[in-house]
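Asks: Just a sequence and a predicted model for now, questions to come.
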Amino acid sequence: MKMLYTADQTRYQRMTNEELKQAFVINDLFQAGELALTYTDVDRAVVGSAVPTSNPLTLPTHKELAAEYFCERREVGIINIGGNGLVTVDGTSYKMENKDSLYVARGSRDVTFESKDSKQPAKFYFVSYPAHRVTETVHIPKTKANAISLGTQAECNTRTIYQSICPGVVDSCQLVMGITELAEGNIWNTKPPHTHKRRTEVYMYFDISEDNRVFHFMGKPEETRSVVLKAGQAIASPSWSIHSGAGSSNYSFIWAMGGENQQFDDMDHLTFADIG
């Protein structure tokens, strides 16, 4: 398991592009036949992926967790962005089609990932936060997520938000997670930007071609920086940082939050006049 130590509110202002990526970006996700894990100091989130091919992959524990098994004191949100697959939790198997979600509750001992077709493997992306209570493991097909349409074509931010792990859909401990899809011809997400000091967030961008990029904006509102990301990269967003982005084409991203409050609209909104 890799470690990601983020920069503080002062140091990030003097960092080069490469230093910003080293401090905030997770870039080793979605390797065929491998399971990857990164432990961040952003609310102790663990970010990972599993791309099973010929053999299943099992979620391991590590010394850094000081736990007998991964979910001993943790909850996990999983979203599949690849071909059809299967996630098995303590003997119960859940079919995971493209953009389906699975909430894995604290106390789940064994979690394994499989692909239905090794030539078109599933691509499981997951985020885990510490959990202080035991709930239930729940499968959420994309069709069962809360779908919210926002934005306008005139402002290039027409998008649909699919809230799959959130109050009213899943009784999670602190994890809130889902997908945002931008319509064709739209490039802005989280417009206008915001912060929420009561929780942190991790973004993972996908559904964008190899020759396109997303310009992710971060930092304090009055002192922003941009990080250029390609498909399959994730970025950790501390509670003091804005998180917004513009792409060279439309794209999708998975957002995952953990902290004091699970209400999706608990945000401190900003205007572009606030952005420096």
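Replies: Perfect, thanks for sending it. Numbers count the residues shown, from 1 in each chain.
Asks: just checking, Tyr12 is part of a helix?
Replies: Yes. Membership of Tyr12 in a helix is supported by DSSP: H, G, I helix; E, B strand; the rest coil.
Asks: wait, it sits on Thr224?
Replies: No. At 10.1 Å, Tyr12 and Thr224 do not qualify as touching, with contact defined as CB atoms under 8 Å. Quick note: C-beta positions are derived from backbone N, CA and C, even for glycine.
Asks: Give the intersection of the neighbour lists for those two.
Replies: With contacts defined as CB atoms under 8 Å, 6 or more residues apart in numbering, the residues adjacent to both Tyr12 and Thr224 are Met218.
Asks: out of those two, which sits in the busier spot?
Replies: A side-by-side neighbour count of Tyr12 and Thr224, using other CB atoms under 10 Å, places Tyr12 first with 21 against 16.
Asks: Next, the buried residues of stretch 213-220.
Replies: By neighbour count with 16 or more other CB atoms under 10 Å, stretch 213-220 contains the buried residues 213-214, 216-220.
Asks: same thing with stretch 4-11?
Replies: Within stretch 4-11, the residues that count as buried by 16+ other CB under 10 Å are 4, 6-7.
Asks: before we move on, what about stretch 31-51?
Replies: Counting neighbours by 16+ other CB under 10 Å, stretch 31-51 gives 35-40, 42-43, 45-51 as buried.
Asks: I'd like the mean pLDDT over stretch 11-19, please.
Replies: Confidence over stretch 11-19, taken as the mean pLDDT, stands at 96.
Asks: Quick check: end-to-end length of that stretch?
Replies: 10 Å (CA to CA, to the nearest Å).
Asks: What are the contacting residues of it?
Replies: Outside of stretch 11-19, the residues that reach it under the criterion CB under 8 Å, 6+ apart are 7, 20, 23, 218-219, 223, 225, 227-228.
Asks: can you give me phi and psi for Cys71?
Replies: Note on Cys71: backbone dihedrals following degrees, to the nearest 10 are phi -90, psi 20.
Asks: what separates it from Asp110, distance-wise?
Replies: The gap separating Cys71 from Asp110 is 9 Å, by CB to CB, to the nearest Å.
Asks: and the two? which has more neighbours close in?
Replies: Taking neighbours as other CB under 10 Å, Cys71 and Asp110 compare with Cys71 leading, 25 against 13.
Asks: Next up, the contacts around the more buried one.
Replies: Counting by CB under 8 Å, 6+ apart, Cys71 makes contact with 59, 104-109, 111, 128.
Asks: please redo it, this time with the cut-off set to 7 Å
Replies: By CB atoms under 7 Å, 6 or more residues apart in numbering, Cys71 lies in contact with 104, 106-108, 111.
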